[in-house]
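> this one's structure only:
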């Protein structure tokens, strides 16, 4: 099982990013997928997830600016972040669960993708 995140970078406040996560080594279409982040000096924060039936779920703190989507044909899950704020600065990770459970990771973590929001 492998999860590879990409798409991060340095963005000005108010900008947007689309993060990508490529999954391999498991039946992607049968997995729930989630996004989490870890800001410097802080613990892991779950953000949103998407069930195998394509139903998304967002924590209240992100639902206005974050959009999760998946493409099972490409084994990809995406996170669109709009109106980025400095407090969004973090390493972003995706996670998978063949049990179709959100906000859990049934495998080891990938390397993540760094998002830095700064002017």
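Sure thing, it's come through. Keep in mind the model is a prediction, meaning the values are calculated, not measured.

> which strand residues bridge the residue minimising distance to the centre of the chain?
Nearest residue to the geometric centre of the chain (Cα atoms, centre = their mean): residue 35, 2.9 Å. Beta bridges link residue 35 to residue 48, residue 94, judged by DSSP bridges.

> I'd like the numbering to begin with 23 instead of 1 from here.
Yep, numbering from 23; the last one is residue 57 now.

> how close does it get to residue 101?
Distance, residue 57 to residue 101, by Cβ to Cβ, to the nearest Å: 5 Å. Glycine gets a C-beta too; all of them are placed from N, C-alpha and C.

> so what's in contact with those two at the same time?
Contact criterion Cβ atoms under 8 Å, 6 or more residues apart in numbering; residues shared by residue 57 and residue 101: 41, 43, 69-70, 88, 90, 114, 116.

> most widely separated two among those?
Maximum pairwise distance in the shared contacts of residue 57 and residue 101, criterion Cβ to Cβ, is 13.8 Å, between 43 and 88.

> okay, and the common contacts of these two?
57, 101.

> out of those two, which sits in the more crowded spot?
Using other Cβ atoms under 10 Å, the more surrounded residue of residue 43 and residue 88 is residue 43, with 26 against 20.

> which non-adjacent residue is nearest the more buried one?
residue 116 (3.4 Å; Cβ to Cβ, 6 or more residues apart in numbering).

> neighbours of the one you found, how many?
27.

> list the contacts for the closest residue to residue 100 other than its chain neighbours?
Closest residue in space to residue 100, ignoring its immediate chain neighbours: residue 91 at 4.9 Å, by Cβ to Cβ, 6+ apart. Shown in contact with residue 91 (Cβ under 8 Å, 6+ apart): 72, 78, 99-100, 102.

> strands - which of those land there?
72, 78, 99-100, 102 (DSSP state E).

> out of those residues, which comes closest to residue 34?
residue 102 (16.8 Å).

> quick one: contacts for that closest one?
Contact partners of residue 102, counting by Cβ under 8 Å, 6+ apart, are 38-41, 88-91.
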